[in-house]
Each structure stands twice: as structure tokens, then as C-alpha cells.
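*Asks:* Build me a model from this:
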Amino acid sequence: MKKILLAAILGLGLATSTAPPAHAQLQAPNSQAAQANLQATRQYYIGAIAGPSPNLAALTLMMTMMPKGGDLHHHYGGSIYAETFLEWVKEEGACVFRANVPASNRRKFTVARKPDELPDGARAVCLDADAVRSSQYVDFYRELLSAWSDKDFSNHFHQQVAPDQHFFATFNLFGGITENYARGLRLLKARAIAENVQYIETMLTRTDLGRLDGNGALPREIDRLPAGTDEAKVQDEFVRLFDFLEGDKDTKQAIEDHTAELDQAAVGIDDADFKVRFQEYTTRNDPPSKVFAGLYAAFVVANKAIHVVAVNIVGPENGVVAMRDYNLHMRMIAFLRQKYPNVRLSLHAGELALGMVPPEGLQNHVREAVEIAGASRIGHGVDLPHERDAAGLLRLMRERKVAVEINLTSNEFILGVKNEAHPLLLYRQIGVPFVISTDDSGVSRNNLSAEYVLYASRYKPSYDAIKETVLNSIRFSFLPEAEKAAELRSLQQRFAVFEARVRDLANGLPGPQPAR
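*Replies:* So this is what the prediction gives:
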């Protein structure tokens, strides 16, 4: 009845009128034993979520064991834990500032890669990793973990900035130590395999256009255009910037260097158990000319690099520039899609909540990412209930099969949106596809299994619905179709093994972990 009432209010047909129910889309078990395993898994799960207080320990065990397909909304730097960064500080002979050094423009908690080159006053307060972890600096060590992540942000009283400010500020502190990408990807691969994740699409790094920006050659006229400039003039500036970048040797060299860097980072990562692919990106809080240049580079790399499958745009969506230029950015992306029609898009959009910006700022971001930019997937999509003609937008997303990347922990911390306030329920009820993902698991100090525990305990979907969500993480990946089909077959096989193990668990026979 609730579903019928909601559909009537929104003027939408029920999701089941345009697509079979989730359980009907699952591959039927091909033997009596497999059917018994599936039924036992359903019953075990029902028992874990039953009642007003779900059995979180049982859910955590089950979700950790469960195959989870892919993590499609994933930032490489934000997925490394602070403790690991500190170990890398030691390996590289770097140091961490335990105090601000105004004379040297050094901030507490930032990393210095070459301690021997620091002036004496700065060197004295820059600690090597062993000193940070020593008994002498226990308090600083705890402070450092909390500065480089969300650790302890909400569980005790302390002076603190706003959650979104704290979250995004972490990247400026540990950013200098993230650049050994092959090392980090191997660590993330091992973690993924340990929790039965077979695929990650990560935002690793972006093209370094520092030479272009530093030499002042980039045409800046678009930065000086007044609000309300004629669309033809804006398009003329897009053409001007595009033609310049196409012919600029520094831009070409930066793209070639970056593509080689990505290829080198990916060496030896893929195997039968795991694959990684990259999304190229730029940031949204720079001047228009610089955003366009970053998007241009992203499209070129995504169009040619073997391991790059999509383009994205990142950064605080409530930033002054991001809000002011949002529509302009979507038009930039639309322009570049005409030049590179085969490039796929997953765009951060709607990572906003009432109170972060004026109500008018919540009305168009998801819609313009879909309608103007042509995104195939939306990252976050939290402001959906506030969007202009939200019912029509839901219908459009359902018809176009635009999947939403749901990041429950991140949305709760940064936006304060959780439980029934999260639009996951709207997406689910109307039939808009979605996936569960982590966003920045190192900063948030979680993993994909924990995100599924939140999904299960808060919204109590059926086991078959959870399984369908996992399958969506491969279906809506940007892998080529042949690779996608192979990964789906692997995922179904993993589920068969998992359901057999849960049946044993339900019968009091946990059994060993399967060999990987």
C-alpha cells in the first residue's frame, strides 16, 4: 500500500510495471542443493534483521563473507588508512609536523618529503614516523589519526570544524605521501580480496597541468565573462579553449606523461580474482578556464588510456565556485562529449543537504548532470527530494537506467543525512538502479562490508534485493561488455559458494574460508 500511495503521489508507475521484480532477475539455482543453500541464506538473513534491533554481529559476519562485486565510487587517496600513510612516511624517510611553523609556511600534520632540506626551526618540529609512534608523542599520534581521517570526530567533546570541512581538509594533509600508486593499489587489492570484492573503479590521480597553468599561456577570457553571457559567446570560448589545448605541446606532454603513469600503476594488479580500472577527473572549485583544461585532459586520457573507463568531476559541491559555475561545468562536459562521444561519465552530483546552501541551490544539480552533461551514473544524489520536478527526474533516471552510487557513511558524516531521510528509499521504491559504495573508506574508517551492514540494518531489504544490488555493481560498471559478462559469471559462482557456507553456518558448521 505504501508503494502504491507513493507512486500515486509522484505520478509514476510502479517500478514493477517496467521491470521484473528484483528476485525475478536473479539467476535461478541450477540444482536442488543450490536452491536449499539459497533458501537457508534467506532465512539466516531474515533472522539477522528481524525485530527492532538487528543482530549487527551476525550481519557483519554475513556481509563480510558475502561477495560484493564492485566498488564503483572510490577515491584512491581517501581509501588508504592513516596508519598506512604513516608507514609510508617511514619508508620514504619523510616527517610530519607536530606544530605550525609560520616562518616556513608549514602546517601541523602535513608531511615534508625531504627533512634534510628544512630550515632548523622547521626540522626541529618535524617528526619521523617512529617518533610519532613513540611513547613520547602518544597524544600527537592520536591527534594525527584524527586529523588524517574521521577517527573520533563524533564520540567525544573537542574543538572541531564542521564535518564537511574536516573531511575535505584531510586530503591536503596526507596528500604528499600518496604518490606511489602501485604500492597503494596492491594494498587496496589485498583488502578487496579479503572482503570478497572483485572490482574497483577508483579515482587515482589527474593530469598535472602545472606547466600550462604556470606559464600563463592558457586563454583566460572565459574567466572574465559576466553572468548571463550569451550562450553563443560561451560556446565560442569553449571552442577557443579546446583549439588551444589541442595545439599546446605542454598539454600534450602532460597527458602522455599521465597516461604512462596510469599504465605503470596498473601493472600486475589484474588477475583472475580482481580487477581495477580508473576514472579520470578534475576539480570543480577552480576558475572556468582551469576546469575546462582539466576536463579536456580527462576526456583525452579516458578516450585513449587502456585502464581509464570514465570521467568525473570532484570537490566540495557547496564551494562558492562550484555552486556559481555548476551549470557552466555541465555545459563544458556536454561540449567535450560531442568531441569524444565514447567516453562514459560518472559525475558527483547532489552531494548537498538543506542548510548547506540556500534552497535554490538544491534544485538542479542531479537534473543537469543527467540532462545536460549526459551522466550514466550519479555519485551521491542526496539532494534528489529537493530537485525541481523530482518526480519527473526519477522517471527520467529510471527510463535511462542512470545508476546512483550510494555512500551511506560519507553522506551521514558530511551531510548529516541518514536513515529514512536518505533518498535511497525513493530510488528503491521507484526503480532507479543504485549501487552501494564506500567513497573514501580510509578517511571514513570503514569498508564495503560495513556499508552493506548499514544498508541491511537501516532499510531491511530482502536478501534477494541485496544480491541484486551487488549484481548491479558489475552491471553498471564501465567495463567493456565482454569483461562485464565474465565478471558477472564469476560473481554468480562466488554467490553459490557463499550461500553454501551460510547454510553450513546456519546449521552450526561454519567451515573453513574458501581458498582464494
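*Asks:* Surely F109 forms part of a strand?
*Replies:* No: F109 is assigned coil when assessed by DSSP: H, G, I helix; E, B strand; the rest coil, not a strand.
*Asks:* Near it, how many other residues are there?
*Replies:* 20 (other C-beta atoms under 10 Å). C-beta here means a position set from N, CA and C on the backbone, and glycine is covered the same way.
*Asks:* Settle this for me: it is touching S146, isn't it.
*Replies:* No: the pair F109 / S146 is not scored as a contact, 9.4 Å apart, by C-beta atoms under 8 Å.
*Asks:* which regions of the stretch 151-300 of the chain lie under the pLDDT threshold?
*Replies:* Scanning the stretch 151-300 of the chain for pLDDT under 70 picks out 152-162, 164-179.
*Asks:* Can you show me the helices along it?
*Replies:* Counting by DSSP state H, counting those that start in this stretch, one finds helices in the stretch 151-300 of the chain at the ranges 163-174, 181-194, 210-214, 231-247, 249-266, 288-304.
*Asks:* Buried deepest among those, which one?
*Replies:* Mean neighbours per residue, mean count of other C-beta atoms under 10 Å, is largest over the helices of the stretch 151-300 of the chain for helix 288-304, with a mean of 23.
*Asks:* Run the chain-centre distance for that helix.
*Replies:* How far helix 288-304 lies from its chain's middle: 19 Å, per C-alpha atoms, centre = their mean, to the nearest Å.
*Asks:* before we move on, back to that, can you add distance to V101 and give the helices of the stretch 151-300 of the chain back as TSV?
*Replies:* As requested, those are exported to TSV (distance: least, C-beta to C-beta, whole Å):
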stretch	distance to V101
helix 163-174	15
helix 181-194	28
helix 210-214	24
helix 231-247	38
helix 249-266	31
helix 288-304	29
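*Asks:* List just the one of the ones you listed that sits closest to Y340.
*Replies:* helix 288-304 (4.7 Å; C-beta to C-beta).
*Asks:* helices or strands up against the closest one?
*Replies:* helix 210-214, helix 231-247, helix 249-266, strand 275-283, strand 308-314, helix 326-339 (3 or more C-beta pairs under 8 Å, 6 or more residues apart in numbering; DSSP states H and E).
*Asks:* And S410, which helix or strand is it part of?
*Replies:* Using DSSP states H and E, the element containing S410 is helix 408-410.
*Asks:* Which elements pack onto that helix?
*Replies:* If contacts are counted by 3+ C-beta pairs under 8 Å, 6+ apart, helix 408-410 sits against helix 448-459.
*Asks:* After the helix it packs on, which helix or strand is next?
*Replies:* Downstream of helix 448-459, the first helix or strand assigned by DSSP H and E is helix 463-475.
*Asks:* got the angle between that following helix and helix 448-459?
*Replies:* Calculated by axes from the mean of the first three to the mean of the last three C-alpha atoms, to 10 degrees, helix 463-475 forms an angle of 140 degrees with helix 448-459.
*Asks:* So for the biggest helix by length in the chain, what gets flagged as buried?
*Replies:* Using DSSP state H to define each element, the chain has its longest helix at helix 481-506. Neighbour-count burial for helix 481-506 flags 484, 487-488, 490-492, 494-496, 498-503, 505-506 (criterion: 16 or more other C-beta atoms under 10 Å).
*Asks:* circling back: between the helices of the stretch 151-300 of the chain, which one is closest to H348.
*Replies:* For H348, the closest of the helices of the stretch 151-300 of the chain is helix 163-174, at 12.2 Å, according to C-beta to C-beta.
*Asks:* Show the contacting residues for A297.
*Replies:* Listed by C-beta atoms under 8 Å, 6 or more residues apart in numbering, the contact partners of A297 are 206-207, 209, 245, 251, 254-255, 258, 280, 282.
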